[in-house]
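S.K.: Here's my sequence, what's the structure:
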Amino acid sequence: MLAVVALAYFWPGASQADLRPVAGQNVLLITIDTLRADALGSYGGRAATPALDGLASEGVRFDFAHAHAVLTLPSHASILTGEYPLKHGVRENSGYRLAPGTRTAAALLKQAGYATAAFVAAFPVHSRFGLNAGFDVYDDRFGDGFGPAELTMPERPASEVVALARNWIAARAGGPSGSPETSRPWFVWVHVFEPHAPYQPPPPFDAKYAAKPYDGEVAATDAALAPLLDDVRSSARPALVIATSDHGEGLGDHGEEAHGIFAYESTLRVPLIIAKLGGARAGAKAAGPGEVSRIAARHVDLLPTILDAAGLAVPQDLPGRTLLPRPERRKGAQPRSSYFEAMSGMLNHGWAPLAGVLVDRDKFIDLPIAERYDLAADPAEASNLFGRVPERDRTMAAALNAFGPALPGQRAAEDADTAARLRALGYVSGAAPVKPRYTEADDPKRLIEIDGAIHRALVAFGEGRLEEAAQIYRQVIARRPGMEMAYRHLAFIDYRRGDLAQAIATLRQAVAAGVADVKVMALLGEYLSDAGQVAEGIRLLEPLAQHPAVSSDVLNALGVAYARAGRPEDARRMFERLAGAMPGSSGPLENLGVLALGQRDVRGARQYFDRALAISPDSSRALAGLGAAAWESGDRDAAYQAWARAVQLDANNFDALFSLGINLARDGRMSDARPYLEQFMNSAPPARYADQLRGVARLLQAAR
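M.R.: From the prediction side, this is the model:
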């Protein structure tokens, strides 16, 4: 019996996949966001995934593959660069960028003559974060507008992303025979987002998986990918196909509902399938079960694998190794230890940083309450072995230290637009200071219920249950008085409920508790300005603006305060500083456009708004500004069109909503105006729009 088990381990599947390199073959990389390995049918999951299971039957399924981070942006940075987060420097979704000139799969293949294209589904992999390096086409047109309370993001569905990729591939294949387009091989990256929360599978998967909506999203994603795989399977040119995920999902394991805090197997282990399709076998599907490899595969192995598949040299300084040679996929292959981390808790909440190492099936997690697991005997990580065999503990700690683990570098401040879009996807962002020492009280295992509470508050807020969300944040503050994000979110709820005085009081409470984060100070200055206490807001913000590494929040809030104080030149100076510091953001240009409108400079305003739309084509605020400029120019139809589009993109653009409704009414088009006016009455915050709300109420009453 032992001999049979050993043989099965040495020969991992009923067949051995042929993954030999083919110079100039196409390469398709598929990343499925937030997909647990154990969700796929071929990995024993409950979801029906015939497309990906079929791909596994044609190639190799790696059943012990791991990411190096448990968030979308840093994980994709590792996939595309072949480097650990320690090297590429992207340690969280917010505040980091892949540096210009970074070596990526797309850049290397482009140098080798490949056409390169990426089709991505959601904001964390937007081109502004640097992942577009080396791509001829980087299609991230999933829409920049967001819905109620900036807490719902229209993710681009997998079916749409796949259709774009298929069209691009088909256009290349359909060109004249021998043309440069058809003769060049391609590298295509397709990123789909559905398994990410909130879990809302489309029909018919919503009904079929009503009790397990996460599995429904997995099944829907698989169905969307099927035609793309069939296209590649039927191609005359062979293609190496790699399908994986950036990280998994907690789904309650170890108390983590989503991902980003822990690095247990539920979020760190990923599916990985590699197969060769098309070419001499065009259109054929394998009938066997495919090969299963149990070696420890890693995301850093993917770039060497891609280069090897294309017949290109693999840079010797990459930490990963190609997975194509059969000996590399069998027991007895040289061990592949792996570094991993989860820095979100530290960066956003002030909790202890998490780093760890995998050495075969042994796993070590470095935290104030350290953890070590034998994954071969305990795949659910139920029994912490740290402290039982001190010599083994020291060996694993030394293996981690060999990677040179370090805390994240300075985190750049995100503009309000980027922060809102990440928040809309559930990625909360704080600015916790680094502590000289983290204790057991800072261990995320002791604090995970706070992370769950924050996510519950975000859901409640997004669904309009503001008092419930506020109560949750008050409880978080009582538990962790230094948690600046809780104060900011609570203050924003106060603001949305029209209680500007309480919002200011909440932020003053944060300052009194020793929270001196610039985001809190900037928000306090902004709310003071909103409340008519402009001079106090300016006094608070001006010293912060003198700091060499001034936050974008401070510059923006101070610019707005100057504008409200009747100091347009000072406001322009702040907004121009902001534009210079954030050339890829539309927000500063929108501010300059609003300022120009206030000075009756319609032409200048239109230029600013046009530049803003060139950066963010679906910017609701820029469209609203263009509407105002068109109105000032006497072009009513253009104004109405721009305002209507602005409101369509963002239902909480109250300025556009008011302008559209009130001017339609004044033009005698009350039936057209009424829906907008009623929407304004039902949603605009009284703290900021008290006068307008009274006027609209009178208008609606008179029109009855």
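S.K.: For the rest of this, base every contact and every neighbour count on C-alpha atoms.
M.R.: Noted.
S.K.: helix/strand/coil for Val60?
M.R.: Assigned by DSSP: H, G, I helix; E, B strand; the rest coil, the conformation of Val60 is strand.
S.K.: burial measure for it, as a count.
M.R.: 29 (other C-alpha atoms under 10 Å).
S.K.: who's in contact with the nearest residue to Gly409 once chain neighbours are set aside?
M.R.: With C-alpha to C-alpha, 6 or more residues apart in numbering as the criterion, Gly409 has its nearest non-adjacent residue at 7.5 Å, and that residue is Gly89. Residues near Gly89 by C-alpha atoms under 8 Å, 6 or more residues apart in numbering: 96-98, 408-409.
S.K.: and which of the residues you listed is nearest Ala310?
M.R.: Nearest to Ala310 among the contacts of Gly89: Leu98, at 24.5 Å, using C-alpha to C-alpha.
S.K.: from memory Leu225 sits against Pro50, does it?
M.R.: No: under the criterion of C-alpha atoms under 8 Å, Leu225 makes no contact with Pro50, lying 10.2 Å away.
S.K.: More neighbours: the two, which one.
M.R.: Counting neighbours by other C-alpha under 10 Å for Leu225 and for Pro50 shows that Leu225 has the greater number, 21 against 16.
S.K.: re earlier: and the buried ones among the contacts of Gly89, selectable in PyMOL?
M.R.: Provided next is the PyMOL selection string for whichever of the contacts of Gly89 are buried by 16 or more other C-alpha atoms under 10 Å:
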select buried, resi 96+97+98+408
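S.K.: Now tabulate the contacts of Gly89 in CSV and tack on pLDDT.
M.R.: Formatted as CSV, the contacts of Gly89 follow (pLDDT from 0 to 100):
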residue, pLDDT
Tyr96, 86
Arg97, 87
Leu98, 91
Pro408, 88
Gly409, 79
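S.K.: Okay, now the unreliable bits of the stretch 401-550 of the chain?
M.R.: 412-432 (pLDDT under 70).
S.K.: ok, which stretches of it are helices?
M.R.: 416-424, 444-462, 466-479, 484-496, 500-512, 518-530, 534-545 (DSSP state H, counting those that start in this stretch).
S.K.: Out of these, which gets nearest to Leu318?
M.R.: Closest among the helices of the stretch 401-550 of the chain, using C-alpha to C-alpha: helix 416-424, at 30.6 Å.
S.K.: Name the nearest residue to the spatially most central residue of the chain, sequence neighbours excluded.
M.R.: By C-alpha atoms, centre = their mean, the chain has its centre lying nearest to Pro124, at 2.5 Å. In this structure, Pro124 finds its nearest non-sequential neighbour in Leu73, 5.8 Å apart by C-alpha to C-alpha, 6+ apart.
S.K.: show me what contacts that neighbour?
M.R.: Counted by C-alpha under 8 Å, 6+ apart, Leu73 has contacts 90, 92-93, 124-125.
S.K.: go again using 10 Å as the cut-off
M.R.: 79, 90-94, 96-98, 123-126, 129-131, 246 (C-alpha atoms under 10 Å, 6 or more residues apart in numbering).
S.K.: next one: Asp53
M.R.: 40-43, 61, 222, 273, 289-290.
S.K.: Then it would be within a helix, right?
M.R.: Yes: remark: Asp53 belongs to a helix, assigned using three-state DSSP.
S.K.: circling back: make JSON lines from the contacts of Gly89 and add distance to Ala651 to it.
M.R.: As requested, these are exported to JSON lines (distance: C-alpha to C-alpha, whole Å):
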{"residue": "Tyr96", "distance to Ala651": "30"}
{"residue": "Arg97", "distance to Ala651": "30"}
{"residue": "Leu98", "distance to Ala651": "33"}
{"residue": "Pro408", "distance to Ala651": "37"}
{"residue": "Gly409", "distance to Ala651": "37"}
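S.K.: And the contacts of Gly89, which is closest to Asp442?
M.R.: Pro408 (17.3 Å).
S.K.: residue contacts, that closest one?
M.R.: By C-alpha under 10 Å, 6+ apart, the neighbours of Pro408 are 85-86, 89-92, 96, 343, 346-347, 353, 434.
S.K.: so how far is Val520 from it?
M.R.: 22 Å (C-alpha to C-alpha, to the nearest Å).
S.K.: Do I have it right that Leu664 meets Asp672?
M.R.: Yes: with contact defined as C-alpha atoms under 10 Å, Leu664 reaches Asp672; the gap is 6.8 Å.
S.K.: and these two? which has more neighbours close in?
M.R.: Leu664 (20 against 13).
S.K.: Counting residues, which helix of this protein comes out longest?
M.R.: helix 213-233 (DSSP state H).
S.K.: for this protein, what are the low-confidence residue spans?
M.R.: In the chain, residues with pLDDT under 70: 1-15, 142-155, 174-182, 282-284, 286-288, 412-432.
S.K.: what about the strands in it?
M.R.: When secondary structure is read from DSSP state E, the chain shows strands at 26-32, 59-66, 115-119, 137-139, 186-192, 239-245, 269-277, 291-293, 297-298, 338-342, 354-359, 362-366, 371-374.
S.K.: Helices of the stretch 1-150 of the chain, residue ranges please.
M.R.: Using DSSP H, counting those that start in this stretch, helices in the stretch 1-150 of the chain cover 2-10, 50-57, 72-81, 85-88, 105-111.
S.K.: nearest to Ala697, of those?
M.R.: Closest among the helices of the stretch 1-150 of the chain, using C-alpha to C-alpha: helix 72-81, at 45.6 Å.
S.K.: CA-only coordinates of the closest one, as PDB, when you get a sec.
M.R.: Extracted in PDB, the C-alpha atoms of helix 72-81 (Å, rounded to 0.1, in the frame of the first residue of the first chain):
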ATOM      1  CA  THR A  72      -5.400  42.400  -5.200                       C
ATOM      2  CA  LEU A  73      -2.800  45.000  -6.200                       C
ATOM      3  CA  PRO A  74       0.300  43.600  -4.400                       C
ATOM      4  CA  SER A  75      -0.600  40.100  -5.500                       C
ATOM      5  CA  HIS A  76      -0.900  41.000  -9.200                       C
ATOM      6  CA  ALA A  77       2.300  43.000  -8.900                       C
ATOM      7  CA  SER A  78       4.000  39.700  -7.900                       C
ATOM      8  CA  ILE A  79       2.400  37.800 -10.700                       C
ATOM      9  CA  LEU A  80       3.400  40.200 -13.400                       C
ATOM     10  CA  THR A  81       6.900  41.000 -12.100                       C
END
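S.K.: Please tell me I have it right and Gln607 contacts Gly593.
M.R.: Yes: counting by C-alpha under 10 Å, Gln607 touches Gly593, with 7.7 Å between them.
S.K.: Give me the more crowded residue out of those two.
M.R.: The residue with more neighbours, out of Gln607 and Gly593, is Gly593; 29 against 17, by other C-alpha under 10 Å.
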